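Chemist: sequence first, then the predicted structure:
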Amino acid sequence: MIAEAKKQIIKETVPVLEEHGTEITTVFYKRMFEAHPELLDIFNKTNQKVGDQPKALAMTVLAAARHIEDIETIVPAVMGIAHKHRALDVKPEHYPIVGKYLLEGIREVLGEAATPEIIDAWGEYYGKIADVFIGIEKEMYENAAWDGFKPFIVKKKENVTPDIVRFTVDSDDVDKSFTPGQYITVKVKPEGYGNTALRHYSICSNDAADGIRFAVKREAIKGKEGVVSNYMHDAIEEGDALFMSAPAGDFKVEEDHDKLLFIAGGVGATPVMAMAEEAVAKGKDVKYVYSCINEDHQPFKDQMADIREKGADLKVKFSETEGFLNRTDFTGSEDRQIYICGSMGFMGTMMKELKEMGVEESRIHFEPFGPKMSLGA
Ligand code: HEM
């Protein structure tokens, strides 16, 4: 239990810290990596540069202050983050390091106002949040299909669009079971990158008889080129070994959801493809609306044709010629549970459209590509 006086200090200082979230994050990251350069083998250098992930971490600690009276209530909200931590092999001993430098960020931003009482209260409070994460992650480590990173052999590498590659990887040494909607995490060391890099890629098929299939989009936007996605496209070939941690993630179709509407845009088709295949195999009523620029950019044509043949109501809309998805594409879905996946922009537009259609939030389930908590949730 945190003492009442300390809780009061936390509540009073949260607004000013939230206002200076970016500054805290900058100090926190800079100092942490100066002291612990080995952590650059875990953190995503691209996201750091862009600023999404560090900000998401710091803002999550601050946002959790809303639940200071009952810290355990943050558990459901942090499950997705804990899955990512488990997939990245974040361990209990890492938490005090992050805590130390986060506190330095707070101290720096508050300047002279950072009394020992304030720093002490935030230190204790961070420890409580860290304990919640460590507890959840302990259970996830115990239940993971395998420990750490294991080598898989790339059996197949296929271009499914000009910028998406589908990999099939296999290993005889591990239990390859997973839940459609989950992702695997690869550990690679691209030449010239200087560190190992870890990246999550969604599993794109329910069928793992010949190995796990996942897809990688080449990130080629100028100034934001993805070192790792380009490396996966250009350097990893059939026959190569690829180190992967066990499937993770909590995006999945609930058992008792039998009438479904999947909505996906661009590479958001990846987890949805696995989920739709699973739902069709289970005999569920599946409607799937997919949007991409044009036919060249439509991934998984073979898998889409297969679910259509097996009864799914699949609609593919090309934005170049037919415009973006809108409510007319979702008619007849009043009693369906809705699962959405795509970029942040796509998600935002779809959520707005569904809300305006009067769809209850409880029917909408989503997975954005990018740090989820930076949505401000
Ligand atoms: C990702 C929160 C501790 C390493 C994240 C994300 C959040 C977060 C919100 C973004 C999740 C997303 O992408 O949806 C926290 C909180 C922590 C904490 C509140 C403390 C209580 C740690 C520790 C480490 C760590 C101790 C390891 C040193 C990472 C890494 C990522 C991540 C590597 C993914 C970065 C990336 O690859 O983009 N964390 N985290 N976190 N966290 Fe934590």
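Modeler: Sure, I can see it.

Chemist: show me what the lengthiest strand in the chain is packed against.
Modeler: For the chain, the strand with the greatest residue count under DSSP state E is strand 149-161. Packing partners of strand 149-161 (3 or more C-beta pairs under 8 Å, 6 or more residues apart in numbering; DSSP states H and E): strand 164-170, strand 241-248. (C-beta placed from N, C-alpha, C; glycine too.)

Chemist: now the ones you listed in TSV, with distance to E72, mean neighbour count and mean pLDDT?
Modeler: TSV is the format used below for the helices and strands packed on strand 149-161 (distance: least, C-beta to C-beta, whole Å; neighbours: other C-beta atoms under 10 Å; pLDDT from 0 to 100):
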stretch	distance to E72	mean neighbour count	mean pLDDT
strand 164-170	38	21	98
strand 241-248	22	21	98
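
Chemist: wait, which of these is closest to the ligand?
Modeler: Between the ligand and the helices and strands packed on strand 149-161, the tightest spacing by C-beta to the nearest ligand atom is seen for strand 241-248, at 11.7 Å.

Chemist: tell me what that closest one is packed against?
Modeler: helix 75-88, strand 149-161, strand 164-170, strand 183-188.

Chemist: weakest of the ones you listed in terms of mean pLDDT?
Modeler: Sorting the helices and strands packed on strand 241-248 by mean pLDDT places helix 75-88 lowest, at a mean of 92.

Chemist: buried sites along it?
Modeler: Neighbour-count burial for helix 75-88 flags 78, 80-88 (criterion: 16 or more other C-beta atoms under 10 Å).

Chemist: separation between V27 and P37?
Modeler: Separation of V27 from P37 (C-beta to C-beta, to the nearest Å) stands at 17 Å.

Chemist: what residues does the protein have near the ligand?
Modeler: 39, 42-44, 47, 53, 56-57, 60-61, 80-81, 84-85, 88, 90, 94-95, 98, 129-130, 133, 371-373 (C-beta under 6 Å from any ligand atom).

Chemist: quick one: which of those sit in helices?
Modeler: If you go by DSSP state H, the residues of the chain next to the ligand have 47, 53, 56-57, 60-61, 80-81, 84-85, 88, 95, 98, 129-130, 133 in helices.

Chemist: and of the residues you listed, the nearest to D234?
Modeler: The closest of those to D234 turns out to be N47 (C-beta to C-beta; 21.1 Å).

Chemist: mind giving me the domain split of the chain?
Modeler: With domains defined by the TED database, the chain comprises 4-143, 149-248, 259-374.
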